[in-house]
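**Student:** Kindly generate the corresponding structure for this input.
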Amino acid sequence: MMNFLVKTLANAAALAVAIWLLADITLTGDSTGKKALTLVLVALVFGIVNILVKPVVKLLTLPLFILTLGLFTLVVNALMLLLTSWLADKLDLNFHVEGFWTAVLGGLIISVVSWAMNVVLPDGRD
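**Tutor:** Numbering: from 1, shown residues only. This next block holds a predicted model:
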């Protein structure tokens, strides 16, 4: 349970950095508290998408991963971010990613920040 909480917080921090750096990734809300809650809920959705959908997509596109020496990961991460944006819209969360190339750059930022956060934060396996 602690590991799930740490990963969710890392995803929330990574999403916050991407929102801060990229104008076309938006999170809106009436107050700071509402924005923070929306950010955590979007991080949960993003985590669930990465747990359930991403492995299937990676398996189905394995030849492209091999052909591009792993660079296709950027495209898969972008698609997961766009799927999260679509699901957030369906769940009435005020989070939106505008365009594929924004999603590619956002996915790259989220990957780097999430990796750094997971290195720094404890994972609860001690």
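
**Student:** Excluding chain neighbours, what is closest to residue 85?
**Tutor:** Excluding its sequence neighbours, the residue lying closest to residue 85 (C-beta to C-beta, 6 or more residues apart in numbering) is residue 97, at 4.0 Å. In short, each C-beta sits where N, CA and C put it, glycine included.

**Student:** so the one you found bridges to which residues?
**Tutor:** Under the criterion DSSP bridges, residue 97 forms beta bridges with residue 25.

**Student:** quick one: contacts for it?
**Tutor:** Shown in contact with residue 97 (C-beta atoms under 8 Å, 6 or more residues apart in numbering): 24-25, 81-82, 84-85, 103, 106.

**Student:** Dump those to a markdown table, plus secondary structure.
**Tutor:** Formatted as a markdown table, the contacts of residue 97 follow (DSSP: H, G, I helix; E, B strand; the rest coil):
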| residue | secondary structure |
| --- | --- |
| 24 | coil |
| 25 | strand |
| 81 | helix |
| 82 | helix |
| 84 | helix |
| 85 | helix |
| 103 | helix |
| 106 | helix |
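
**Student:** Between all of the residues you listed, which two are separated the most?
**Tutor:** 24 and 84 (14.5 Å; C-beta to C-beta).

**Student:** More neighbours: which of the two?
**Tutor:** When neighbours are counted by other C-beta atoms under 10 Å, residue 24 and residue 84 differ, and residue 84 comes out ahead with 28 against 14.

**Student:** pLDDT at the more buried one, what is it?
**Tutor:** For residue 84, the pLDDT comes out at 96.

**Student:** And it, how far from residue 103?
**Tutor:** As judged by C-beta to C-beta, to the nearest Å, residue 84 and residue 103 stand 9 Å apart.

**Student:** the strands in this protein, which residues?
**Tutor:** Remark: strands assigned in the chain by DSSP state E are 25-27, 95-97.
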